[in-house]
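J.: sequence first, predicted coordinates after that:
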Amino acid sequence: MVASCLVTGAQSAAAEPGSQPLGCVPAIGSPQLIPPLPGLFLPLPSVRGVSEFDDLATAPADLEFPPSIEFRDNTKGFNDFVEVVLRRGSLYARPRNSNAVWRKVVTPGCLDGGIVATSVNANMLVAIDRKGWIYSMDNLLSGPMLWNWTRSYGGPIWLWPGFTIPDGGSDQVSSSKWALSHRTSSSFVDAQGNTHPLTAGLVEIVSLTGDGSRITYQDPWLPADLSYEIGGPEQGRFISESLSVSGSVTVVMNRYGDMYTRKYDLDLAGSNHIPERYTWQPQGPAAQAPNQLVERFDSQYAAVSLPAEDWRKQPKIPGEITSRLSIQDTGPAVEDRELRVEGRRDGRTGYWHKGLADQVWQFSATDEPLAQPVLTGNSARDQSRANLAPESPLTYRGGLPADWTLRVEHFDWAQTKHDVELVSPTGRAYPVQLYTTDGLRLLPRAAGLDNNPRGLEGALDLRSAEPWLPEKAELAAFMSRHLNGQQVYEVTVHATESQLVIDPLGSILNRTD
């Protein structure tokens, strides 16, 4: 009933064409494992397996298809079972690495021929129409008989009647500015090195916005807005030219060929307390729990360490490349990923590739034409800080208990770590860190900061100031009296354009810039 009410409301409110998703695409498809929750669990088993492709219509003879699919981008993609290509607004598929005949994917009639971009990852595919509306196809690791379309996207629990990607309807929808991520991994390693089991899948669309320094993610369980971000590299100032994501691992690259990767989604970030148990406190190595449910409630197993693991700088590629990059799953863990970048070596075209943690790039020749121009600025030199976006203009300062003050410069709410200055009544400044992660919301809100407080969970970390040293007795006394003696003191931050309110300290930091 909730789903039908939401859909009816959207249809009645939208009068002009393009102001709502296409109605012939179902709101809830019948083959979903647990309607209305596509993407939550692994796919249903195929009815007849690969032979189901024979039931699909063959592609028109005048269409050209690549001999192999090596990249996941907005015109083609693959998983372990199938590879998909977009041609003339329609999707065509064949079994992975089969060299079989290309066949047309069964698509709702109003959408077929109108798809301008697509992305494939694990058990899901998304297609974007000319207005930027998102349409999902589930069970992509099963045979075509169980492939399942839905137009719903967004909270509550994937029941929102439709949503668009950032800048939907512009040329950006067919570029390398967004990608689908469907995490079906069985485990991940947190920032302190503890391994954690994973059970449920997680879906998100990750997009570059603005000048390429902001990274938005849209999880269909979250409100249908653009308020959630992955804080970018270089304190949010790195301007990305292209992006790819697979199973909650994002890779970005600037126009000079500098690349960063990060493991990040709603669960890994510390925002979702339903499936995970988190801690900001230091903890030693612990045994891996048998499953995610046991870990969530049994404290003998390590909680997920926060803050989440930061961006990792990837080694430069020792050769010619384009901005076309891709990342794909290679194993059961979140860390099992391979990076690929289109390029050329010794006159032959192909792609550079390596495992996520490897330090050396390899080259595989395909002799296919390059899809993008060669980056003329790429070199072995680190240019990750070249052409950075401006620093955040937001600076805050306010009082703490016992006449101490806290100053936060260039505050970017989407960042996980913030360098702050703790100043004693004597005027001595101590450099410390404030950690934050965005909270779980049920209602939509605007992107960025405004007058509506954004709730952030986090901690004030004094360890970099070494409060245990004898010459820092005043800092140790402050910690003992006002931070419960904790070097890592957990807080909540309510952030607006004009103020940061830090609880339970009751401190109000006003904007000073």
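T.: That came in fine, so what should we check first?

J.: could you report the neighbour count for the nearest residue in space to Trp133 that is not next to it in sequence?
T.: In space, and not counting its chain neighbours, Trp133 is closest to Pro21: 4.3 Å by C-beta to C-beta, 6 or more residues apart in numbering. In this view, the C-beta of every residue, glycine as well, is placed from N, C-alpha and C. Per other C-beta atoms under 10 Å, the neighbour tally for Pro21 reads 28.

J.: could you do Gly155 as well?
T.: Neighbour count for Gly155, taken as other C-beta under 10 Å: 19.

J.: what residues does stretch 76-86 touch?
T.: If you take C-beta atoms under 8 Å, 6 or more residues apart in numbering as the criterion, stretch 76-86 is touched by 65-66, 69, 71-72, 74-75, 91-97, 102, 105, 115, 117-123, 125, 140-142, 328-329.

J.: show me where this structure has helices.
T.: 2-13, 233-236, 292-297, 473-482 (DSSP state H).

J.: any idea which of those scores lowest on pLDDT?
T.: Within those, confidence is poorest for helix 2-13, with a mean of 35 (mean pLDDT).

J.: end-to-end on stretch 216-224?
T.: Taking C-alpha to C-alpha, to the nearest Å, the first and last residues of stretch 216-224 lie 12 Å apart.

J.: selection in PyMOL covering whichever of the contacts of stretch 76-86 are buried, please.
T.: In PyMOL, a selection of the buried entries from those looks like this (16 or more other C-beta atoms under 10 Å):
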select buried, resi 69+71+72+74+75+91+92+93+94+95+102+105+115+117+118+119+120+121+122+123+125+140+141+142+328+329
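
J.: what about the contacts of stretch 76-86, which are in strands?
T.: Among these, DSSP state E puts 91-95, 115, 117-121, 125, 328-329 in strands.

J.: out of those, who's nearest Arg277?
T.: Nearest to Arg277, judged by C-beta to C-beta, of the ones in strands among the contacts of stretch 76-86 is Asp329 at 25.7 Å.

J.: what sits against the closest residue to the closest one other than its chain neighbours?
T.: Ranked by C-beta to C-beta, 6+ apart and with sequence neighbours excluded, the top spatial neighbour of Asp329 is Gly247, at 5.2 Å. Applying C-beta under 8 Å, 6+ apart to Gly247 gives the contacts Asn121, Ala122, Ser181, His182, Arg183, Thr184, Ser185, Asp329, Val334, Arg337.

J.: repeat that for 6 Å
T.: Listed by C-beta atoms under 6 Å, 6 or more residues apart in numbering, the contact set of Gly247 reads Arg183, Ser185, Asp329.

J.: what's the distance between it and Ser46?
T.: For Gly247, the distance to Ser46 (C-beta to C-beta, to the nearest Å) stands at 22 Å.

J.: please apply the same query to Val491.
T.: To Ser46, Val491 is 50 Å away according to C-beta to C-beta.

J.: of the two, who's got more company?
T.: Val491 (20 against 17).

J.: quick one: pLDDT of the more buried one?
T.: On the pLDDT scale, Val491 gets 98.

J.: next: Leu40.
T.: 64.

J.: cool, and Leu33?
T.: With respect to pLDDT, Leu33 scores 56.

J.: try Gly49
T.: Gly49 is given a pLDDT of 87.

J.: go on, the one 4 residues further on?
T.: According to the per-residue confidence, Phe53 scores 97 in pLDDT.

J.: distance check, it against Phe81.
T.: According to C-beta to C-beta, Phe53 and Phe81 sit 10 Å apart.

J.: can you check Val50 too?
T.: Val50 sits 8 Å away from Phe81, going by C-beta to C-beta.

J.: and for the two, which residues touch both?
T.: Counting by C-beta under 6 Å, 6+ apart, Val50 and Phe81 have no contacts in common.

J.: okay, now Val374: neighbour count?
T.: Residues lying near Val374 (other C-beta under 10 Å) number 14.

J.: then the one 3 residues further on?
T.: Gly377 is surrounded by 14 other residues when neighbours are defined as other C-beta under 10 Å.

J.: over to Pro393?
T.: 10.

J.: what sits against the residue nearest to Ala333 when sequence neighbours are not counted?
T.: Using C-beta to C-beta, 6+ apart and skipping residues adjacent in sequence, the residue nearest Ala333 is Ser187, 5.0 Å away. Each residue near Ser187 by C-beta under 6 Å, 6+ apart is listed here: Thr195, Pro197, Leu198, Ala333.

J.: tell me how far Ser187 lies from Asp382.
T.: Distance, Ser187 to Asp382, using C-beta to C-beta: 32 Å.

J.: touching, Asp403 and Val423? I think so.
T.: No. Counting by C-beta atoms under 6 Å, Asp403 does not reach Val423; the two are 9.6 Å apart.

J.: strands along the stretch 301-450 of the chain, start to end?
T.: Assignment of strands within the stretch 301-450 of the chain using DSSP state E, counting those that start in this stretch yields the ranges 304-305, 312-314, 320-329, 337-345, 348-355, 362-365, 396-399, 405-408, 417-423, 429-438.

J.: next, the buried residues of the fifth one.
T.: Buried positions in strand 348-355, judged by neighbour count with 16+ other C-beta under 10 Å: Thr349, Gly350, Tyr351, Trp352, His353, Lys354.

J.: tell me which of those residues is nearest to Glu342?
T.: The closest of the buried residues of strand 348-355 to Glu342 turns out to be Tyr351 (C-beta to C-beta; 5.3 Å).

J.: which residues does that closest one form beta bridges with?
T.: Beta bridges link Tyr351 to Glu342, Ser364, judged by DSSP bridges.

J.: for Asp80, see how far away it is.
T.: Counting by C-beta to C-beta, the gap from Tyr351 to Asp80 is 19 Å.

J.: again with Arg381
T.: Per C-beta to C-beta, Arg381 is found 38 Å from Asp80.

J.: again with Gly506
T.: Per C-beta to C-beta, Gly506 is found 53 Å from Asp80.

J.: the two: who's more crowded?
T.: Here Gly506 and Asp80 are set side by side on neighbour count (other C-beta under 10 Å), and the busier one is Asp80, at 13 against 10.

J.: show the pLDDT at that one.
T.: According to the prediction, Asp80 has pLDDT 95.

J.: and what of Trp158?
T.: With respect to pLDDT, Trp158 scores 88.

J.: low-confidence ranges in the chain?
T.: The chain contains residues with pLDDT under 70 at 1-17, 30-37, 39-42, 168-175.

J.: among the buried residues of strand 348-355, which one sits closest to Gly485?
T.: For those, the nearest to Gly485 is Lys354 (45.5 Å; C-beta to C-beta).

J.: would you mind confirming that the closest one makes contact with Trp361?
T.: Yes. At 5.0 Å, Lys354 and Trp361 qualify as touching, with contact defined as C-beta under 6 Å.
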